[in-house]
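Novice: What shape does this take:
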Amino acid sequence: MKYHQIDRNLFIKNRKKFMAEMKPKSVAVFNSNDIYPISADSTMPFQQHRDIFYLSGADQEETILLLCPDAPYEHLREILFVRETNEHIAIWEGEKLTKERATEVSGIKNIQWLQDFEKVLFEIMTYCDTIYINTNEHYRSSVQTQTREDRFIKWWKEKYPAHQVAKSNPILQRLRSIKESEELDLMQKACDITEKGFRRILGFTKPGVMEYEIEAELLHEFVRNRSKGFAYGPIIASGNNANVLHYVENNQQCKDGDLILFDVAAEYANYSSDLSRTIPVNGRFTDRQKAVYNAVLRVKKEATKMLVPGTLWKQYHMEVGKIMTSELLGLGLIDKADVQNENPDWPAYKKYFMHGTSHHLGLDTHDYGLLVQPMEANMVFTVEPGIYIPAEGFGIRLEDDVVIQPTGEPFNLMRNIPIEADEIESLMNA
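Specialist: Numbers count the residues shown, from 1 in each chain. The predicted model follows:
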């Protein structure tokens with residue numbers, strides 16, 4: 001892995017928190033992700049399942065974590081199963097976790113080879129009444145591919161039909177949404193790498209440059225700072241492309257007078273950052289562009305102040321909608337009649353700001369978090385309002401990542417990344 005080794009005490013703490021939530025006489029199983037095929041002998045780059053990483057730090061395929069806090073023998077309470085490595089694998093695929101290295105990474109003393117999993121599980125199941133399975137219940141989940149977890153669940157149900165079943169996901173939704181200090185440090189690192197990339201393209205962007213050339217500059221800067229690369233598919237949308245919310249082609253020329261909307265950020269050690277900025281191709285905003293830009297920035301600043309303990313996600317978005325409505329009235333994009341006659345299910349402001357303002361951020365870009373629960377200290381949220389005006393040929397989105405504090409306004413992990421229009425212009429024309 002490119003990233004520096006993470007202190008294993010983070011994973012030890014995470015496992016303790018999870019096991020404290022488990023029912024008596026229960027076992028929980030977590031599987032790594034598969035390596036997914038493309039065609040012939042080609043595969044997609046491996047991405048570890050975030051749950052097993054969160055609980056163990058193990059960042060390779062064919063790995064299983066087993067937790068059984070009530071096992072009668074201490075060595076059976078935490079077991080990590082990894083693929084047995086050998087000289088042939090080392091030559092063809094590179095270093096894999098040895099038993100010693102797996103303990104060093106995870107803090108788990110009992111490391112077993114994967115081939116022994118079924119035998120060990122059989123013994124543990126004789127001590128347990130319940131098994132926790134790890135289904136994906138994220139509110140944005142839409143998965144059609146059968147995963148390693150899916151195959152395990154099917155096998156387990158046939159092998160042990162008399163045992164009760166429980167779900168790991170509700171526990172993880174709560175635990176993963178509140179970050180430990182080590183996690184916040186890793187996310188700050190991801191944001192710092194993102195800052196380096198953004199500052200680099202401020203000096204690179206000019207009329208005539210291609211969107212993909214900017215993408216290449218960003219990737220270069222991210223990887224040279226120990227990131228695997230983009231935390232999500234990069235959006236580099238010039239001109240009217242910005243009005244396609246998930247524009248990822250990045251294949252158009254950036255023209256004089258246009259704006260470029262960036263929604264692009266680095267990952268670090270599997271932790272995501274999430275940045276949006278909008279800059280003028282030629283280094284100068286027009287008066288109209290700057291007016292809309294500053295309206296978005298004002299909404300962002302006011303929305304950020306509301307991210308405090310006790311805030312409810314749904315009500316927060318309603319309040320942000322009221323602020324955005326006021327700004328759109330000031331810009332002449334809507335009028336009072338539009339507001340008076342609006343559909344409550346799709347308010348007038350949604351014509352120009354149709355997405356949400358904030359989401360949880362962490363190991364996943366749209367991270368775990370139960371949206372019906374009040375916000376708590378050490379949750380991390382994005383703040384990303386936007387105004388999109390196809391008729392005028394541009395769209396603007398501004399986004400930072402913030403940590404909710406015990407009291408007062410949140411802490412901005414992207415506080416050092418330029419955002420004021422005058423500063424953007426100054427840096428682009430330095």
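Novice: State the number of residues packed around Tyr316.
Specialist: If you count neighbours by other CB atoms under 10 Å, Tyr316 ends up with 19. (C-beta placed from N, C-alpha, C; glycine too.)
Novice: Apologies, that question was intended for Glu104.
Specialist: Neighbourhood size, Glu104 [other CB under 10 Å]: 14.
Novice: Next, the contact list for the residue nearest to it when sequence neighbours are not counted, please.
Specialist: Spatial nearest neighbour of Glu104, excluding adjacent residues (CB to CB, 6 or more residues apart in numbering): Arg8 at 7.0 Å. Arg8 makes contacts with Gly57, Glu104, Val105, Ser106, Gly107, as judged by CB atoms under 8 Å, 6 or more residues apart in numbering.
Novice: Pull out the buried residues from the residues you listed.
Specialist: Gly57, Val105, Ser106, Gly107 (16 or more other CB atoms under 10 Å).
Novice: ok, Thr103 touching Val82?
Specialist: No: checked against CB atoms under 8 Å, the pair Thr103 and Val82 is beyond contact range at 10.5 Å.
Novice: joint contacts of these two?
Specialist: By CB under 8 Å, 6+ apart, the residues touching both Thr103 and Val82 are Ile111.
Novice: So between those two, which is more surrounded?
Specialist: Taking other CB under 10 Å, Thr103 and Val82 do not tie; Val82 has more neighbours (25 against 16).
Novice: Give me the pLDDT for the residue nearest to that one when sequence neighbours are not counted.
Specialist: Distances taken as CB to CB, 6+ apart put Leu97 closest to Val82, at 4.8 Å, once the chain neighbours are dropped. The model reports Leu97 with a pLDDT of 91.
Novice: what's the answer for the one 10 residues further on, then?
Specialist: Each residue has a pLDDT score; the one for Gly107 is 98.
Novice: sorry, back to before: can you tell me how far the residue nearest to Val82 is from Phe18?
Specialist: Going from Leu97 to Phe18 by CB to CB, to the nearest Å gives 21 Å.
Novice: okay, these two: which has more neighbours?
Specialist: For Leu97 versus Phe18, neighbours defined as other CB under 10 Å are more numerous around Phe18 (23 against 20).
Novice: any idea which helix or strand carries the more buried one?
Specialist: Secondary structure from DSSP states H and E places Phe18 in helix 9-20.
Novice: for that helix, packing partners?
Specialist: Here helix 9-20 touches helix 50-56, strand 63-67, helix 169-177, helix 181-204, going by 3 or more CB pairs under 8 Å, 6 or more residues apart in numbering; DSSP states H and E.
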